[in-house]
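Chemist: mind folding the following:
(2 chains)
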2 protein chains.
Amino acid sequence: MSQPVILATDLEGVLVPEIWIAVAERSGIEQLRLTTRDVPDYDELMRGRMALLRAHGLTLADIQRVIGTIDPLPGAAEALARLREVTQVIILSDTFYEFAMPLMAKLGWPTLFCHTLEVDGDGMIAGYRLRLPDSKTAAVHALRDIRFRVLAVGDSYNDTGMLAAADAGALFEPPPNVIADFPQFPVLRSYDDLLAFVERERQ
Amino acid sequence: MSQPVILATDLEGVLVPEIWIAVAERSGIEQLRLTTRDVPDYDELMRGRMALLRAHGLTLADIQRVIGTIDPLPGAAEALARLREVTQVIILSDTFYEFAMPLMAKLGWPTLFCHTLEVDGDGMIAGYRLRLPDSKTAAVHALRDIRFRVLAVGDSYNDTGMLAAADAGALFEPPPNVIADFPQFPVLRSYDDLLAFVERERQ
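Modeler: Residues are numbered from 1 along each chain as shown, chains lettered A, B, ... in the order given. Predicted structure coming up:
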């Protein structure tokens, strides 16, 4: 290897379940299942989620307890440990640190680039702060600018920008519509596939 | 916290001993103790080191076995584990991945940005590739550009660029001449000081 490699990987759908869906299931608040497929405007979606949590009297601490019961996807922690022995790994996600930390503990504290929440005096989620627009793609550009070879994997539409910006990108267990719309990216079906992709693309 | 924080920390002198000095001690090759204080031209210094290793018949694998006997500084692994629970940590170093990996294993595989070696057909170190000039400072700028609040700590002259580029910088157990030349940076004397610095500078 002469150029050092960073694997930039999505979190939800690759290493852990979709967090809002898991919270919806465990809290019984079905409307928390809505995603940008249902409400395309992200700010409108997030304001709806915060209003729902407030209406049910759920604080950030309550949500964190719920998230604490979520486990990484089967095999994810072991795969990530193996990946970290052969390359640098940074998780690029549009979730929030306040949500992700219990899951990071279960994954051995990998480095995570994501966003932050704002909490009011009652402990309710009162706002959110996106670090910057299209933060995953921006992070890939930043890492390439400091001369890393960047490999990127993700499962959905909001990952395709970073996959295209990377030196090599691949889809991990994507839904059929993402495969159809982005035939240029190889499709990985397992963590063994992901490890093989990294081995192949290290140069 | 509304702006997410990354702690950018130097490796040698902060978390692990100086690697070349430890290799000199363990290999008995005293001239490997020379640093840029003795040979200011880094390329000349590195060519001298590679020639010495070749003259003694030491391959990269031999050096890696030696480095495998080095431990992190006392308390470093525990301090790093505590830091990673409260903030993101990226180690910025001018060492080489091929040297650092045994130490990363002992530190729980934190993310490391450094450089790479070239090895010839006999397994000898034949060259090195610096990712880019002043790579620590460049990494701090890149992380600030993607809207992280960057805290930086290091112990020596080659860290002062990144300390100045960071949102907040501090010296960790520096030699007296560095303190004298850079009085603008606070001085941390222990890992407890480092943890307190991070707590204070998170906003």
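Chemist: which residues of chain A lie near chain B?
Modeler: Proximity of chain A to chain B (C-beta under 8 Å from any C-beta of the partner chain) is limited to residues A:1-4, A:81, A:84-85, A:88-90, A:97, A:101, A:105, A:108-116, A:118, A:129, A:131-132, A:135, A:138-139, A:142-143, A:145-148. The way it works is simple: take the backbone N, C-alpha and C, and place the C-beta from them, glycine included.
Chemist: among those, which ones are buried?
Modeler: A:1, A:4, A:84, A:88-90, A:97, A:101, A:109-116, A:118, A:131, A:135, A:138-139, A:142-143, A:146-148 (16 or more other C-beta atoms under 10 Å in any protein chain shown).
Chemist: quick one, helices of chain A?
Modeler: In chain A, the segments counted as helices under DSSP state H are A:19-27, A:42-55, A:60-67, A:76-86, A:97-106, A:135-145, A:160-165, A:176-181, A:191-201.
Chemist: residue A:5 touches residue A:151, doesn't it?
Modeler: Yes: using C-beta atoms under 8 Å, residue A:5 is in contact with residue A:151, at 6.3 Å.
Chemist: ends of stretch A:12-22, how far apart?
Modeler: 11 Å (C-alpha to C-alpha, to the nearest Å).
Chemist: pull out the buried positions in it.
Modeler: Buried, per 16+ other C-beta under 10 Å, within stretch A:12-22: A:12, A:13, A:14, A:15, A:16, A:17, A:18, A:19, A:20, A:22.
Chemist: apart from its chain neighbours, what residue comes closest to the first one?
Modeler: By that I understand residue A:12. Excluding its sequence neighbours, the residue lying closest to residue A:12 (C-beta to C-beta, 6 or more residues apart in numbering or on different chains) is residue A:18, at 4.9 Å.
Chemist: what is the neighbour count of residue A:86?
Modeler: By other C-beta atoms under 10 Å in any protein chain shown, the residues close to residue A:86 number 15.
Chemist: what's next to stretch A:114-122, contact-wise?
Modeler: A:11, A:59-60, A:91-100, A:125-131, A:135, B:1-4 (C-beta atoms under 8 Å, 6 or more residues apart in numbering or on different chains).
Chemist: show me the contact partners of stretch A:29-48.
Modeler: Against stretch A:29-48 from outside (C-beta under 8 Å, 6+ apart): A:18, A:20, A:21, A:23, A:24, A:49, A:52, A:53, A:56, A:128, A:158.
Chemist: contacts only, for the fifth one.
Modeler: This points to residue A:24. Applying C-beta under 8 Å, 6+ apart, the residues near residue A:24 are A:30, A:31, A:32, A:33.
Chemist: and the gap between it and residue A:34?
Modeler: Note on residue A:24: its distance to residue A:34, by C-beta to C-beta, to the nearest Å, is 9 Å.
Chemist: same check on the third one?
Modeler: Taking C-beta to C-beta as the measure, residue A:21 falls 10 Å from residue A:34.
Chemist: ok, back up a step: is the residue nearest to residue A:12 in contact with residue A:25, as I believe?
Modeler: No: assessed by C-beta under 8 Å, residue A:18 is found out of contact with residue A:25, at 10.0 Å.
Chemist: CSV please, covering the contacts of stretch A:29-48 and showing pLDDT.
Modeler: Output for the contacts of stretch A:29-48, formatted as CSV (pLDDT from 0 to 100):
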residue, pLDDT
A:18, 94
A:20, 95
A:21, 94
A:23, 94
A:24, 95
A:49, 96
A:52, 96
A:53, 96
A:56, 96
A:128, 96
A:158, 92
